[in-house]
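[1] compute the structure for the input listed below.
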Amino acid sequence: MTGTSQFEIVQRLGEGGMSKVYKAFDRLMNRYIALKVMKNDVPEWAHRHFRREARMCASFMHHNLVHVSQVGTAEEFDVLWFAMEYLRGKDVSWFIESGTPMGIPVILEIFSQVLDALRYVHLRRIVHCDIKPSNVFVTRDSHDPLLRVVKLLDFGVARDLSDLSSHNTHHIMGDPRYIAPEQTIPGNYIDHRADLYALGMTFFELVTGGRHPFEDLFDAHPRALLQAHREREPLPVSHFISDSVPAAKARAMDAFFAKACGKQVHHRFADALQMKEALVELAKMS
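    Residues are numbered from 1 along each chain as shown. Now for the predicted structure:
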């Protein structure tokens, strides 16, 4: 395609509602990249979201966020695309679904890095709006393979709070399993604490080996799941974790989850830094 002739498509890595992601070889730079390409049959609002995501991600300079190297248009199809660093590793959903065990220290390290990424984007008044296990990717440092590096992926439905046009949405954006209560009502104002809620839900799922506070509603109508986020108190983490976890640490994990996932935004952690500080204290416990 015009504008992407420097890229040789190798394989498709994934597909969402608005776009597809490919592994491609960049002939110019002599390296593999991930190429995100907008579908050509999406509505105009999806075009706006994709352009916003491309601009947003290209501005990021943080080791826990994917580096975007190039943005362009395949002119004959009027299709937007952007090139990102290619990651080798697995997303957190793979570890959950495969039953691959992760010790609590590793889990806490992963979440600490996600919170570093969130602090960076939140300070820039950006809300991710779609935190979930499949958007948390675990890879290794290219120079030190013993060093675990976590990347926060997919800003496709993110909101830039300094851009008034990003507030005007009548769609519910985000995964119903992790969505914050305020996100369940179209047109509601949201801020960075919606991401902290979704990360709390992700924390619950990972430390319990794939359980979810509202898993009994997964086969019900999505409205039931959205209502549960608004109204239903979830079971504590300690209800699902191994008895080998010390009681004091189990209680601390319950308190951490409850604070992250307060129904009211003012009951949650104030920001990603405060949430990370609580995580550090949790990691110190034996």
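[2] out of everything not next to it in sequence, what's closest to residue 110?
    residue 150 (5.2 Å; CB to CB, 6 or more residues apart in numbering). C-beta here means a position set from N, CA and C on the backbone, and glycine is covered the same way.
[3] following the helix or strand encompassing that neighbour in sequence, what is the next regular element?
    Per DSSP states H and E, residue 150 falls inside strand 148-152. As assigned by DSSP H and E, the chain's next helix or strand after strand 148-152 is strand 159-160.
[4] heading C-terminal from that next one, find the next helix or strand.
    Remark: after strand 159-160, the chain's next helix or strand is helix 193-207, criterion DSSP H and E.
[5] extract the C-alpha trace of that following helix and format it as CSV.
    Provided in CSV are the C-alpha atoms of helix 193-207 (Å, rounded to 0.1, in the frame of the first residue of the first chain):
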residue,chain,number,x,y,z
ARG,A,193,-9.5,7.2,39.0
ALA,A,194,-11.5,5.2,36.5
ASP,A,195,-8.2,3.6,35.5
LEU,A,196,-7.3,2.8,39.1
TYR,A,197,-10.7,1.0,39.5
ALA,A,198,-10.0,-1.1,36.4
LEU,A,199,-6.5,-1.9,37.5
GLY,A,200,-8.0,-3.0,40.9
MET,A,201,-10.3,-5.4,39.0
THR,A,202,-7.3,-6.7,37.1
PHE,A,203,-5.3,-7.1,40.3
PHE,A,204,-8.1,-9.2,41.8
GLU,A,205,-8.2,-11.5,38.7
LEU,A,206,-4.4,-12.0,38.7
VAL,A,207,-3.9,-12.6,42.5
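[6] relative orientation of it and strand 148-152 in degrees?
    Relative orientation of helix 193-207 versus strand 148-152 (axes from the mean of the first three to the mean of the last three CA atoms, to 10 degrees): 140 degrees.
[7] what packs against helix 193-207?
    In terms of contacts (3 or more CB pairs under 8 Å, 6 or more residues apart in numbering; DSSP states H and E), helix 193-207 is packed against helix 92-98, helix 104-123, helix 247-260, helix 272-284.
[8] pull out the buried positions in the second one.
    When you say that, I think you mean helix 104-123. 104, 107-122 (16 or more other CB atoms under 10 Å).
[9] who touches that helix?
    Identification of contacts with helix 104-123 by CB atoms under 8 Å, 6 or more residues apart in numbering yields 60, 62, 64-65, 92, 102, 127-128, 131, 136, 138, 148-152, 158, 192, 195-196, 199, 203, 206-207, 245, 249, 271-273, 275-276, 279-280, 282-283.
[10] please pick the buried ones from these.
    The neighbour-count test (16+ other CB under 10 Å) applied to the contacts of helix 104-123 identifies 60, 64-65, 92, 102, 127-128, 131, 136, 138, 149-152, 158, 192, 195-196, 199, 203, 206-207, 245, 249, 271-272, 275-276, 279, 282 as buried.
[11] average model confidence for stretch 263-278?
    Regarding stretch 263-278, the rounded mean pLDDT is 97.
[12] export it as CSV, just CAs?
    C-alpha atoms of stretch 263-278 as CSV (Å, rounded to 0.1, in the frame of the first residue of the first chain):
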residue,chain,number,x,y,z
LYS,A,263,-17.9,2.6,44.1
GLN,A,264,-17.5,6.4,44.6
VAL,A,265,-14.4,8.0,43.0
HIS,A,266,-13.5,9.9,46.2
HIS,A,267,-13.3,6.5,48.1
ARG,A,268,-10.5,5.3,45.8
PHE,A,269,-6.8,6.1,45.8
ALA,A,270,-6.2,9.7,45.0
ASP,A,271,-3.8,8.9,42.1
ALA,A,272,-1.4,6.3,40.7
LEU,A,273,1.4,7.4,43.0
GLN,A,274,-0.7,6.8,46.2
MET,A,275,-1.8,3.5,44.8
LYS,A,276,1.8,2.5,44.1
GLU,A,277,2.9,3.5,47.7
ALA,A,278,0.2,1.2,49.0
